[in-house]
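Trainee: Fold the following and give me the result.
(chains A and B)
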2 protein chains.
Amino acid sequence: MIQPSAKSDLATAQDRIAAAFDVSLLREAGHRLADALGSHMASVQAGEPAVLNWREPQANIDLAKKQLAATENDFEASELLERFSQLVDTMLSRGQNLHHPRYVGHQVPASVPIAGLFDAVGAVTNQVMAVYEMGPWATAVEQAMIEELGAAIGWPEGEFAGLVTHGGSLANLTGLLTARNVVLGDVWERGLADGRDAPVIVAHTEAHYSVARAVGILGIGTQQVIKAPVDGLRRIDPNQLNEILAKLRKQNRPIIAVSACACATPIGAFDPLVEIAEVCRRHDVWLHVDAAHGGSAVLSDRYRHLVAGLELADSVVWDAHKMLFVPALCAFVFYRDREHRFEAFRQDAPYLFDPSAPGLAEYDSGLKTIECTKRSAVFGLWGLWSMFGRQLFADMVDTTFDLGRVFYEKLSAADDFEPMHDPQCNIVAFRHLPVEMKDVPLEELGEFQLELRRRVIQSGEFYLVPTKKDGIGGLRIVIINPLTKPAHLDQLLDTLRETGRQMLRES
Amino acid sequence: MIQPSAKSDLATAQDRIAAAFDVSLLREAGHRLADALGSHMASVQAGEPAVLNWREPQANIDLAKKQLAATENDFEASELLERFSQLVDTMLSRGQNLHHPRYVGHQVPASVPIAGLFDAVGAVTNQVMAVYEMGPWATAVEQAMIEELGAAIGWPEGEFAGLVTHGGSLANLTGLLTARNVVLGDVWERGLADGRDAPVIVAHTEAHYSVARAVGILGIGTQQVIKAPVDGLRRIDPNQLNEILAKLRKQNRPIIAVSACACATPIGAFDPLVEIAEVCRRHDVWLHVDAAHGGSAVLSDRYRHLVAGLELADSVVWDAHKMLFVPALCAFVFYRDREHRFEAFRQDAPYLFDPSAPGLAEYDSGLKTIECTKRSAVFGLWGLWSMFGRQLFADMVDTTFDLGRVFYEKLSAADDFEPMHDPQCNIVAFRHLPVEMKDVPLEELGEFQLELRRRVIQSGEFYLVPTKKDGIGGLRIVIINPLTKPAHLDQLLDTLRETGRQMLRES
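Mentor: The predicted structure is shown next:
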């Protein structure tokens, strides 16, 4: 155990605790942080630094470990503020710059920066939930946003319910867990290994991997996922879905749910929810819609049509940390029927849920979410909405979705690029086809895309992501920074061309 | 859709987006936040405001909704900063004040305030993980802390593995999911409903409710939890555990795991891990230890003995957002054997995990955690450790654990209080026994405790929690604010006495 020596002014446990909880340190560090974040954000938004600060993992880990070990030596309380600044500088210089206009990467946004300050209020004061008492304001804010977003989906007040959890994967798990418990009755208590027939889930062929994962976690087995065939636009085909469900019903196989996408991640394809909901209704099957990315389209007059029928789903996942542009993680799960809100987890914890005020259990988030203690994840969204109103969110959806179309037109106009689909939103998959690569085997063309991407991202010029179609590699961008402009997309094509030429020269 | 009218300077989508991403707004708001947090924290640490700002839930929800609707009217960019300050003031005035020295509530700490500022760096810049590329520094910091804490448990470098997830419930789920998949072989793919025998989990009688929940989620069924009997100190009895496992092995029942506690939440009882591990080894059973609360004792020379044998577990849960005093949520899961790190989730997502750099998958957190996109949850812990060193954490464990004993002695010395156990740490359950209640039925005495607590917490004087033993209510405190002093505990007894007298006068 390391003990600061006697010459430090932090010689006793009480000294060290007092220094750590010192309010003037907090205040001064807060001011330094405001300046550091301001300077950093200005530089990043101006496109000055690299997008991704690429280093080999072990080099970063070694530095992080070195800093952990730095305080093995003596130190004085007066050094703490400077130490704080140095650590913040390291953090800001080694990360991924999502606010860079040339960040066109995963479905993680350039979040509205000030939203992070609302989250900071929660982090510094450690506001949590599980029981209402522990987070009265956090609970209220969460409930207010559930009501606001559920109404935006189109449900009547008081008829639906919702919850917030840490990410889309947990949201899909929670929605499908509720479906499992509702459909199979006593499975929560008895388990699946009681001689019952193996139940199935019917999911979009390109559903996010968290859907198959949920099936694995829930004990259903990933082999019990039946893939719903898609049409030429890679959307679930309602007629084929109808045939699958009819056949399963004939076989008496228990069907947990149909899991549809709004949109599927690879190319941003939105399933035809009205038709799918009708098919599910006909066969009395739970409809789960993963609208993690596309749910926000309900706020846009121009793009709302993409999610028509979302209100017909039994459960809906909607990530605020995607197209509502708040920091991760803040994922909503909605149930169309309020009666399902306690179905996912059927137990109680007597020391949490207090018989002296039983009415409060309605407001105890821990009965509805997989988290027991849960950080207040909605402060950023609530703060932004309260400052700027609903229109800002519609603006950000419109601006980034529009730009998907702009990029598609640029790709179509270029001889040496090929869009892999006609985009419905801000997700666009494509390939670079330099003239030298026109006649190479497809596998080689695919490998070229992946290697091209790796060089570009490690250079720090742009950040984009890989994709595959029928096993062949491609490039994929998500325009999820409202500060990205058409000119940046021209630059992207140029950077890919130039890097491609360099690769071809080398080979 | 609400549109700001033409007289606003935020008339277009581009205006509104520019205002939201404005760097000077971020900077100025950051400075205001530093002052607001500083003033708030000073007042709370001095014990000035109420501990819990009690209001009926609907009153808070109504206010939160009112603020969401406030921007339906016109507003100018110049008003935004003031709006931010007002919203922060509301947040600070309506929450639970964990940093109040009279907060002795749930196992959620008065976190070291400055840790929240490190988390704020992540929130404002939206640093996430899943793949290394997206969060190179977040990944490095997490890996550095995994190595540091795993070494503190006592494992040799390179032999163990770990991950970070959003809370103890998910940590228990992940550990038990890994055990399920390892023990049952192909259950991930085939599911449990394939005619196999129903597997069981043997858990501490007072295991946290998330253990039974995990069993329900995983499809094993909560009826398949076999309760391991406890001794007079409410710790698993290794001899009885041995008999249970021997019987199950004789019956050929698949055993997923033994789930032990370090410590169990009701009274903070630490299981005898060395003996339990020996029993598990004898029967070749996976040992999972929920050390969410007590894991931090490994850092204390004086309390490390409570978790002797922790290094013998196959999986360990340790919440940094409990006794490492960082903001929620930051929960670690460790596997003694590094080979188990990819067993929980057995799939890949081709667009995430890139064949152009396969070695990087080792650093892609999404392969190991239930979250896909995961917020960087370790910045606060890494920042604190780098600023103050390991000794601070030992100090906070020692100080709060010591105070549990101090409180026990006060209870024992008082005629009108009764400790419900001899505490091993900072969790103490007890009852108030005013002379008028000495001869009432036990049920009535229990109801008195719960009603007494409700009055006290709603008054804002103290925050403490309820408990039950054999169905009879009691009071419970967790001393989890290092600024709580013995004098506050004297005040607690006085407040309970006074409120109790008031109740008795009324009845």
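Trainee: Skipping adjacent residues, who's closest to A:L33 in space?
Mentor: For A:L33, ignoring the flanking residues on the chain, the nearest one in space by C-beta to C-beta, 6 or more residues apart in numbering or on different chains is B:L117 at 5.4 Å. No exception for glycine: its C-beta is placed from N, CA and C like everyone else's.
Trainee: Closest approach to chain B from the stretch 401-507 of chain A, which residue is it?
Mentor: Residue of the stretch 401-507 of chain A nearest chain B, by C-beta to the nearest C-beta: A:L450 (4.1 Å).
Trainee: Compute the number of surrounding residues for that residue.
Mentor: If you count neighbours by other C-beta atoms under 10 Å in any protein chain shown, A:L450 ends up with 19.
Trainee: Please apply the same query to A:K250.
Mentor: Neighbourhood size, A:K250 [other C-beta under 10 Å]: 8.
Trainee: Now do whichever helix or strand the residue of the stretch 401-507 of chain A closest to chain B is part of: which elements does it pack against?
Mentor: For A:L450, the element it lies in under DSSP states H and E is helix A:442-459. Applying 3 or more C-beta pairs under 8 Å, 6 or more residues apart in numbering or on different chains; DSSP states H and E, we find helix A:442-459 packed against strand A:427-432, strand A:465-469, strand A:472-478, helix A:486-506.
Trainee: 6 Å instead, please
Mentor: With contacts taken as 3 or more C-beta pairs under 6 Å, 6 or more residues apart in numbering or on different chains; DSSP states H and E, helix A:442-459 sits against strand A:472-478, helix A:486-506.
Trainee: which of the residues in the last one are buried?
Mentor: Of all the residues in helix A:486-506, those buried under the rule 16 or more other C-beta atoms under 10 Å in any protein chain shown are A:H488, A:L489, A:Q491, A:L492, A:L493, A:T495, A:L496, A:R497, A:T499, A:G500, A:M503.
Trainee: Where do the strands of the stretch 51-200 of chain A begin and end?
Mentor: Ranges of strands in the stretch 51-200 of chain A, per DSSP state E, counting those that start in this stretch, are A:128-129, A:161-165, A:200-204.
Trainee: What distance do you get for the closest residue in space to A:H100 that isn't next to it in sequence to B:T125?
Mentor: Distances taken as C-beta to C-beta, 6+ apart place A:V51 nearest to A:H100, at 4.5 Å, with adjacent residues excluded. When distance is defined by C-beta to C-beta, to the nearest Å, A:V51 is 13 Å away from B:T125.
Trainee: Excluding sequence neighbours, find me the nearest residue to the one residue in the stretch 251-400 of chain A that gets nearest to chain B.
Mentor: Per C-beta to the nearest C-beta, A:G389 is where the stretch 251-400 of chain A lies closest to chain B, at 3.3 Å. Leaving out its chain neighbours, the residue that sits closest to A:G389 by C-beta to C-beta, 6+ apart is B:T71, at 3.3 Å.
Trainee: burial measure for the one you found, as a count.
Mentor: By other C-beta under 10 Å, neighbour count at B:T71 equals 20.
Trainee: pretty sure it is in contact with A:Q391, am I right?
Mentor: No: using C-beta atoms under 6 Å, B:T71 is not in contact with A:Q391, being 8.2 Å away.
Trainee: State the phi and psi torsions of A:V225.
Mentor: With angles defined as degrees, to the nearest 10, A:V225 sits at phi -90, psi 120.
Trainee: Pretty sure it sits against A:A203.
Mentor: Yes: here A:V225 reaches A:A203: they are 5.5 Å apart, a contact under C-beta under 6 Å.
Trainee: These two: who's more crowded?
Mentor: A:A203 (26 against 20).
Trainee: phi, psi of the spatially closest residue to the more buried one that is not a sequence neighbour?
Mentor: Spatial nearest neighbour of A:A203, chain neighbours left out: A:S259 (4.0 Å); criterion: C-beta to C-beta, 6+ apart. Torsion angles at A:S259 (phi, psi; degrees, to the nearest 10) stand at phi -110, psi 110.
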